[in-house]
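In: Sharing a model prediction with you, sequence too.
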Amino acid sequence: MDECKVGMEEIMSNLEILKSVIPKKAKVIYLEYPIFANVGDLLIMKGTEEFFKIHELQVIGRYTKNNFNYTKEIPEDCIILCHGGGNFGDLYSVHQLNREKIIESYPDHKIVVLPQTIYFENNEHLNRAKQIFNQHNNLHVFTRDKRSYEFAKEYFTVNIYLSPDMAHFLWPLSYSSEIKNNVLYFLRTDQEANNGLQRMQFCEKSLDWGSMLTLTEKALIKIIAAFGKLDKLLNNVLPIAAIWKKYSDYLISKSFKVFSEHEKIVTSRLHGHIMACLLNKENLLLDNSYGKNSEYFKAWTYRVTNSDLIQIDDQQEKLESSQ
């Protein structure tokens with residue numbers, strides 16, 4: 001068997017820990033699923049939905065942060081699932097505050113935060129999160145790297161676990177396309193960009209999630225998100241989740257096509273790296289601004305033999321060899 005496949009299957013085996021907290025055929029409600037142009041978050045969402053299917057979970061509802069009503073009555077035997085990703089902390093405060101509000105609103109329910117990277121810059125924000133999280137008696141937080149795990153164990157008294165990202169549930173992935181180009185430079189253009197690693201000669205010819213989509217595609221995302229806000233006012237009568245499922249399938253398929261047409265991927269996007277691994281593409285992962293990518297690689301994807309990592313600025317030879 002291909003060594004890369006062995007590595008991916010080893011990562012998949014570590015996702016079994018989810019079953020200890022979310023039993024097969026359990027009744028769940030899925031909160032905070034993303035409606036925006038970051039296809040990485042859409043991969044997490046699709047992997048989560050695959051987890052639901054594999055374990056025959058009874059999903060009684062799916063809500064974004066825009067259309068969920070915090071006074072909604074949820075059956076006592078229903079597990080509340082919060083979307084995973086890299087927004088646990090104060091770098092993306094809107095998502096963190098929303099998660100804290102969910103935890104405050106349902107003190108008697110079992111709540112599971114799906115695999116997250118944790119990063120706080122402000123102690124005041126951390127202390128607020130500690131107070132809210134530690135008051136809950138049945139809260140389970142999955143972290144997706146060892147640094148986040150140790151941080152959570154130090155500051156939170158809730159149940160803490162270590163698990164790979166939910167996007168790995170998409171493995172094995174059957175998608176192929178004719179190779180048309182050598183290297184795809186897929187680099188962050190936001191606040192997490194590590195400018196010391198992202199050389200300007202690469203940035204000029206690189207893509208990011210936003211630049212991969214057309215203006216029309218991004219406009220449609222905004223329209224669907226706007227209808228999500230309207231849906232809350234209408235007491236959730238609109239089929240937002242069903243509409244978004246179809247459109248997000250299209251966005252992910254387009255991303256797969258772009259990646260598949262390249263022989264090698266150089267990326268500072270964690271899910272650019274995970275997508276390359278899912279497609280069994282040779283890839284080089286550049287660290288982000290605060291070490292999220294390197295921590296994930298060291299925890300899980302170091303097993304994937306056609307992947308490599310750059311953490312420091314003096315490894316120019318790896319970058320040059322990728323051209």
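Out: Structure received.
In: from the chain's centre, how far out does the helix or strand containing A226 sit?
Out: According to DSSP states H and E, A226 maps onto helix 215-233. Between the centre of helix 215-233 and the centre of its chain there are 21 Å (Cα atoms, centre = their mean, to the nearest Å).
In: Buried residues in the helix or strand hosting E150, which are they?
Out: Assigned by DSSP H and E, E150 belongs to helix 146-155. Residues of helix 146-155 classed as buried: 147-149, 151-152, 155 (neighbour count, 16 or more other Cβ atoms under 10 Å). For every residue, glycine as well, the C-beta is placed using N, CA and C.
In: So for it, could I get the coordinates as PDB, restricted to C-alpha?
Out: Taking C-alpha atoms only, helix 146-155 is exported to PDB below (Å, rounded to 0.1, in the frame of the first residue of the first chain):
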ATOM      1  CA  LYS A 146      -0.800  19.200  21.100                       C
ATOM      2  CA  ARG A 147      -0.100  22.800  22.000                       C
ATOM      3  CA  SER A 148      -3.900  23.600  22.000                       C
ATOM      4  CA  TYR A 149      -4.500  20.500  24.000                       C
ATOM      5  CA  GLU A 150      -2.000  21.400  26.700                       C
ATOM      6  CA  PHE A 151      -3.200  25.000  26.800                       C
ATOM      7  CA  ALA A 152      -6.800  23.800  27.200                       C
ATOM      8  CA  LYS A 153      -5.800  21.400  30.000                       C
ATOM      9  CA  GLU A 154      -4.100  24.200  31.800                       C
ATOM     10  CA  TYR A 155      -6.900  26.800  31.700                       C
END
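In: Contacts made by it with the rest, please.
Out: Contact with helix 146-155 is made by 88, 116-119, 126, 130, 141, 143, 160-162, 291, 295, 298-299, as judged by Cβ atoms under 8 Å, 6 or more residues apart in numbering.
In: Against N283, how distant is the nearest residue to L91 once chain neighbours are set aside?
Out: What sits nearest to L91 in space, not counting adjacent residues and going by Cβ to Cβ, 6 or more residues apart in numbering, is Y119, at 5.7 Å. From Y119 across to N283, the span is 23 Å (Cβ to Cβ, to the nearest Å).
In: okay, those two: which has more neighbours?
Out: N283 (28 against 22; other Cβ atoms under 10 Å).
In: What residues does the more buried one make contact with?
Out: 264-267, 272-273, 276-277, 306-308.
In: just checking, it is part of a strand?
Out: Yes. Remark: N283 belongs to a strand, assigned using DSSP: H, G, I helix; E, B strand; the rest coil.
In: Just the residues contacting the helix holding A226, thanks.
Out: With Cβ under 8 Å, 6+ apart as the test, helix 215-233 has contacts from 35-37, 64, 66-69, 210, 213, 237-238, 240, 243-244, 247, 251.
In: Pull out the buried members of those residues.
Out: Using 16+ other Cβ under 10 Å, the buried ones in those are 35, 37, 64, 66-68, 213, 238, 240, 244, 251.
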